[in-house]
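K.L.:
Provide a 3D model corresponding to the input given below.
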Amino acid sequence: MYKNNLQDIHKAQKGSKEAMTRLVENNKGLIWNIVKRFNGRGYETEDLYQIGCMGFIKAIKRFDTNFEVQVSTYAVPYILGEIKRFIRDDGMVRVSRSTKELAMKILEFQKEYIAKNGHEITITQLEKELKISKEEITYALDSLKPVTSIYEQTNQGGEDERTVIDKLGTQKDEASMVIDKLALKQLIENLDKREQEIIMLRFYKDKTQSEVAKILGITQVQVSRLEKKILNSMKLKLTC
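P.N.:
So this is what the prediction gives:
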């Protein structure tokens, strides 16, 4: 788990660049874990990492050392928020020049085909004629479609004027979900090799205690006791 370094936090809040740098460095794994959630959005991961660092720094500046919470947990919503704000303010999804050029090539081919044959060409035929995969064709054509903003109202003038993001919202806060996953990942990484194997086999590969016992060469009773001990230890660390 990431630890609160109260001395560095106090120094950073008073303007120490060295202390802030240490805090960022000590928590870079946390920032990268969040950045990875935004892979495939058309942005360089290094750029998003720098944006995430800005969010982390904001969290440090506002963090109350009297909070009974790890600074890493407190920082997650700030890091997420900063990255999302950057993506929102930077505009819609970026499309590479090569993808745009391919899309225009496909449209031109479709136009010529319709003029010559009197009907539209299928994706399968396009794949054969242009010697590119169906996935590439679909992706290129989709890139030309207008993108709906998540902040756009879906029923303007109606009784239920909600934005797209309102309709996509889930009951559980996304930041809380990220925090839970990161905390669980860190707890598992801190287990010894056999404890990790038991947790992975039981809860990620859905093995029974008897199956785990055979794999590890121990009894089912031992697996049961070890599992109970590991889970109690993890729960204790999550609540402290």
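
K.L.:
sec struct for the residue of the chain positioned farthest from its centre, please.
P.N.:
Distance from the C-alpha centroid of the chain peaks at residue 116, with 47.1 Å (C-alpha atoms, centre = their mean). Of the three states, residue 116 takes helix according to DSSP: H, G, I helix; E, B strand; the rest coil.

K.L.:
what's the span of stretch 36-52 from first residue to last?
P.N.:
By C-alpha to C-alpha, to the nearest Å, the extent of stretch 36-52 from end to end equals 11 Å.

K.L.:
buried stuff in that stretch?
P.N.:
Neighbour counts over stretch 36-52 (16 or more other C-beta atoms under 10 Å) mark 38, 43, 48-49, 51-52 as buried. C-beta here means a position set from N, CA and C on the backbone, and glycine is covered the same way.

K.L.:
repeat that for stretch 65-82.
P.N.:
In stretch 65-82, counting by 16+ other C-beta under 10 Å, buried: 70-80, 82.

K.L.:
tell me the pLDDT at the most centrally placed residue in the chain?
P.N.:
The centre of the chain sits closest to residue 37, judged by C-alpha atoms, centre = their mean, with a distance of 1.9 Å. Residue 37 is assigned 83 on the pLDDT scale.

K.L.:
now, which of the buried residues of stretch 36-52 lie within helices?
P.N.:
Judged by DSSP state H, the subset of the buried residues of stretch 36-52 located in helices is 48-49, 51-52.

K.L.:
distance to residue 215 and pLDDT added to the residues you listed, as JSON lines?
P.N.:
JSON lines is the format used below for these (distance: C-beta to C-beta, whole Å; pLDDT from 0 to 100):
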{"residue": "48", "distance to residue 215": "39", "pLDDT": "91"}
{"residue": "49", "distance to residue 215": "38", "pLDDT": "93"}
{"residue": "51", "distance to residue 215": "43", "pLDDT": "92"}
{"residue": "52", "distance to residue 215": "39", "pLDDT": "92"}
